[in-house]
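Undergrad: Could you work out the structure for the sequence below:
(one chain, ligands or ions: 1)
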Amino acid sequence: MKTFVATTAASLIVHHMGLSQPSSIPDPNSAPNGDVPSGPVVIVVPRSQTDWKKYYDLRWRVLRAPWNQPRGSEKDDREAESQHLMILGPNAQPVAAGRLHFNSPAEAQVRYMAVAPEAQGRGLGSAILRELERRARAAGAQSIVLNARENAQPFYARHGYKVVGSAPTLYDAIKHVRMRKDLNFAPVADRHP
Ligand SMILES: CC(C)(COP(=O)(O)OP(=O)(O)OC[C@H]1O[C@@H](n2cnc3c(N)ncnc32)[C@H](O)[C@@H]1OP(=O)(O)O)[C@@H](O)C(=O)NCCC(=O)NCCS
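TA: Take a look at the predicted model:
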């Protein structure tokens, strides 16, 4: 396992990336857009007012704007108690984000996973999800639940999440399923060497 640690004015940055998962490292040759990070992924915890503004802006742009939802709809009433992560592109704009909160000491929940369209499919969502899972485990959670959009269901399945029920349809348009991952029995592909 390699650990990348860096500091910026914004925050402390830590990311653990398994060497057995080279597909998680964005390939500069397949990233023609200058906004997509190349090399090791660096995950940032938003701290400053500017960080928070950019972080919520990404959530709104990816998860709400396509359905004509107003700014503010990208937040809920659990923001203050949640853990928030993002990945910045070379121009310091967030290209990936995700959030973790606890429903109980044993059960964590992931929400608001969002990767900018130009950065999708390059392992950034996986990097965020793995770090949220690591934090959930470290805090003692035994499972993680989430409501997955139908389009994202294969992504979560790839990470070991199983469908356990239905979940509300958002804006009469976006179907969701409830998924759960038992953190005590992570699939081999998800373990770091
Ligand atoms: C879903 C999302 C978070 C995934 O992040 P990402 O960075 O694009 O995904 P990754 O590159 O880390 O993909 C990891 C794996 O999942 C697969 N995957 C990702 N999105 C997928 C999709 N929509 N359908 C099928 N497979 C998908 C990838 O092929 C990859 O598999 P591999 O390792 O076998 O190649 C991101 O695409 C996104 O923000 N989508 C739009 C908003 C959304 O739906 N958010 C989820 C709300 S529940």
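
Undergrad: For the rest of this, base every contact and every neighbour count on C-alpha atoms.
TA: Will do.

Undergrad: does residue 179 count as helix, strand or coil?
TA: strand (DSSP: H, G, I helix; E, B strand; the rest coil).

Undergrad: contacting residues for it?
TA: 145, 146, 147, 148, 161, 162, 163, 164, 165 (CA atoms under 8 Å, 6 or more residues apart in numbering).

Undergrad: For this protein, which residues are neighbours of the ligand?
TA: Listed as neighbours of the ligand in the chain under the rule CA under 6 Å from any ligand atom: 62-63, 112-115, 120-126, 147-149, 151-152, 154-155, 158.

Undergrad: Repeat the analysis, applying 5 Å as the threshold.
TA: Contact residues (CA under 5 Å from any ligand atom) of the chain with the ligand: 113-115, 120-126, 148-149, 151-152, 154-155.

Undergrad: which stretches of this structure form helices?
TA: 49-63, 124-138, 153-158 (DSSP state H).

Undergrad: Not including adjacent chain positions, what is the nearest residue to the residue most central in space within the chain?
TA: Geometric centre of the chain, nearest residue: residue 98, 3.3 Å, by CA atoms, centre = their mean. Residue nearest to residue 98 in three dimensions, not counting chain neighbours: residue 113, with 4.3 Å by CA to CA, 6 or more residues apart in numbering.

Undergrad: OK, contacts around that neighbour?
TA: Going by CA under 8 Å, 6+ apart, residue 113 touches 59, 96, 97, 98, 99, 125.

Undergrad: re earlier: taking the contacts of residue 179 one by one, which sit in strands?
TA: By the criterion of DSSP state E, membership of those in strands covers 145, 146, 147, 148, 162, 163, 164, 165.

Undergrad: If any of these are buried, put those into a ChimeraX selection.
TA: Listed next is the ChimeraX selection for buried residues among the ones in strands among the contacts of residue 179, using 16 or more other CA atoms under 10 Å:
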select :145,146,147,148,162,163
